[in-house]
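Enquirer: Mind folding the following:
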Amino acid sequence: MSNWGKDWLFILIKSLTRSEKRQFTLYVNRLQNNADAKFISLFNAMDKMEEYDEQAILKQKITSKQQLSNLKANLYKAILASLRMNPSKKNVRIQIREQLDFATILYQKGLHKQGLKILDKAKQIALDVEEKSLALEIIELEKVIESQYITRSITGRADELIAQSNDLIVQNYYATKLSNLSLQFYNEMLTSGYAKSEEEKQEMINQFSDQLLDINIDLLNFREKLWYFKAHVWLCFLIQDYRNAYKYAKFWVELFYQHPKMIQSHPIWYLKGNSYLFKILLLFKSVDKYIYWNNRLEDQLNNENFPQSSNIDSQRFLLQFSNKLNIEFIQQTYNGSLLFVKQLQRGINEYRNMIDEHHFHILYFKVASLYFGYKKYDESLAYTERILCKSDYSVQEDLLFHTRILSLMAQYESGIDQNYEDFVKANRALMKKMKNKTEIHDTFMTLFEGLLGASDKEQKAVLERFVNRTEELYTNKFYVRSILYIDVLNWAKRKLK
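Expert: Residues are numbered from 1 along each chain as shown. Have a look, this model is predicted:
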């Protein structure tokens, strides 16, 4: 996979579709200040590059080295301006903001009634799609106009605006508080990981409950309920309360099915809700439920009214590809062709600048695990290597540890074990640096260290000790996630047989 580098302009140009490039060319040609076509020359030069090369641009003498930075900055703004004019890019938030801008222009020209008429329509749209911050901004401009110009448009206009404003302030207060709480626990999940003891679990529950004391769910509208359910899902994941995580993830997704218009307005959060629901169903290995919710998702994605954009398409790819892998994990038939795995590289090539590398590493790990289940150890090792070769990228420590464990299992099974000892040493060194090390990590390592160079009789003793100790550890529910994709315990049991 080639690297496009860190040049934002280059990445933006490479993300454009053919129609967007054509529209940009038309847009720039309408600007008299760019008659010298420097914009177009720089744009075309960068569009033809496979990787960003500043020296190649300077050799074409499009501009001087001193002026290149300014030209790139102006080109970046011009591309965004042309995209903003593209009807296909105008989602409802852009449309509302555009109407607000138009009303502001009319107000500045003294055309107050025209401005208020536009604002009233924009406000209604904002309220319909629960864009309450925008609605409040519109009301504030309405107040300004009404206070400076006696329109006599509606009797009791002041009372109406005050009532609307007060209601939105309350709803925005709830939304802000819940979104802060949701983000706080999501950050906790990324930085500190899951609760590892009853004490940690109780501390998180207390912290969460303290911030919900003044929130009555019956007073919440769609947007606030969405944040309410999100916050609960992330708390439940943190404390590994998967039954309640399933309950709130289902509330999250069903909220969109109860308000189908919101799927068009907030497609990313619809996809994210489904993503968390599927993660829990995978833990429960609920085949029927997984397929039921996946069919409902696919019905929406195949609907011609489902929104499309590069960002939405990238998240859609992640979810659909992950679901195909997960259904294989749940059914555990291991009798398919795995032809769909070829879609992974196509997706990486298309969305490499829209999806962070961690998500691709998760997919690599799942594919490697699936190939291991198929006893295709060469392919499994090839996908673990895609993660382990990333010395320039900080792979999440738990993912790195389990990737090396999976690689050790594949090396052991395949006999391709010339690097086995190096992997054991590397993983033991990693454990010394791990912030969230648990006893289960140490038990895994003791197993593979014990298998190194052992005779058949010694290996049997090592496996028996591992099985006995791990079964004892797995009575602790906080270790259950360790067997999600690689069940080392059952693998060891099969080795004993």
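Enquirer: Show me where the chain dips below the pLDDT cut-off.
Expert: 1-6, 31-37, 87-90, 149-155, 190-193, 213-214, 333-337, 391-395, 478-485 (pLDDT under 70).
Enquirer: what about stretch 148-164, start to end distance?
Expert: Using C-alpha to C-alpha, to the nearest Å, the end-to-end distance of stretch 148-164 comes out at 19 Å.
Enquirer: same question but for stretch 329-347, I mixed them up
Expert: Terminal residues of stretch 329-347 lie 21 Å apart, using C-alpha to C-alpha.
Enquirer: So what touches that stretch?
Expert: The contact list for stretch 329-347 (C-beta atoms under 8 Å, 6 or more residues apart in numbering) reads 281-282, 285-287, 290, 317-318, 321, 324, 328, 363, 366-367, 369-371, 373-375, 485. Any C-beta I mention is one placed from the backbone N, CA and C, and that applies to glycine too.
Enquirer: before we move on, what about stretch 109-122?
Expert: Contacts of stretch 109-122 (C-beta under 8 Å, 6+ apart): 96, 99-100, 102-104, 106-107, 134, 138, 141-142, 145-146, 148-149, 151, 153.
Enquirer: List the buried residues in it.
Expert: By neighbour count on 16 or more other C-beta atoms under 10 Å, the buried set for stretch 109-122 is His112, Gly115, Leu116, Ile118, Leu119, Ala122.
Enquirer: what's the offset of that stretch from the middle of its chain?
Expert: Offset of stretch 109-122 from its chain centre (C-alpha atoms, centre = their mean, to the nearest Å): 39 Å.
Enquirer: Show me how the chain divides into domains.
Expert: With automatic domain parsing as the criterion, the domains of the chain are listed as 8-88, 90-153, 172-232, 356-497.
Enquirer: Using TSV, please lay out those domains together with distance to Asn274.
Expert: Output for those, formatted as TSV (distance: least, C-beta to C-beta, whole Å):
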stretch	distance to Asn274
domain 8-88	24
domain 90-153	19
domain 172-232	13
domain 356-497	15
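Enquirer: Tell me which of these sits nearest to Glu304.
Expert: Taking C-beta to C-beta, domain 8-88 is the member of these nearest to Glu304, at 13.9 Å.
Enquirer: Just give me how far that closest one sits from the chain centre.
Expert: 29 Å.
Enquirer: Same question for stretch 404-420.
Expert: In terms of C-alpha atoms, centre = their mean, the centre of stretch 404-420 is found 32 Å from the chain centre.
Enquirer: which parts of that stretch are buried?
Expert: Buried residues in stretch 404-420, counting neighbours by 16+ other C-beta under 10 Å, are found at Arg404, Ile405, Leu406, Ser407, Leu408, Met409, Ala410, Gln411, Tyr412, Tyr420.
Enquirer: residues of the longest helix that the chain contains that come out buried?
Expert: With secondary structure taken from DSSP state H, the chain has its longest helix at helix 157-191. Of all the residues in helix 157-191, those buried under the rule 16+ other C-beta under 10 Å are 161, 164, 168, 171-172, 174-175, 177-179, 181-182, 184-186, 188.
Enquirer: mind checking how far the next helix or strand after it is from the chain centre?
Expert: Using DSSP states H and E, the helix or strand that directly follows helix 157-191 along the chain is helix 198-210. Chain-centre distance of helix 198-210: 26 Å, with C-alpha atoms, centre = their mean.
Enquirer: what's the burial count for the closest residue to Phe372 other than its chain neighbours?
Expert: Counting by C-beta to C-beta, 6 or more residues apart in numbering, Ser380 is the residue found nearest to Phe372 once chain neighbours are left out, at 4.4 Å. A count of nearby residues for Ser380, using other C-beta atoms under 10 Å, gives 25.
Enquirer: Return the helix or strand containing Ser380 as CSV; C-alpha atoms alone will do.
Expert: Assigned by DSSP H and E, Ser380 belongs to helix 377-388. C-alpha atoms of helix 377-388 as CSV (Å, rounded to 0.1, in the frame of the first residue of the first chain):
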residue,chain,number,x,y,z
TYR,A,377,-1.8,-21.2,8.2
ASP,A,378,0.3,-19.5,5.5
GLU,A,379,-2.4,-17.0,4.8
SER,A,380,-3.0,-16.5,8.6
LEU,A,381,0.7,-15.7,9.1
ALA,A,382,0.6,-13.3,6.1
TYR,A,383,-2.2,-11.2,7.7
THR,A,384,-0.6,-11.2,11.1
GLU,A,385,2.6,-9.9,9.5
ARG,A,386,0.6,-6.9,8.0
ILE,A,387,0.1,-5.8,11.6
LEU,A,388,3.5,-6.7,13.1
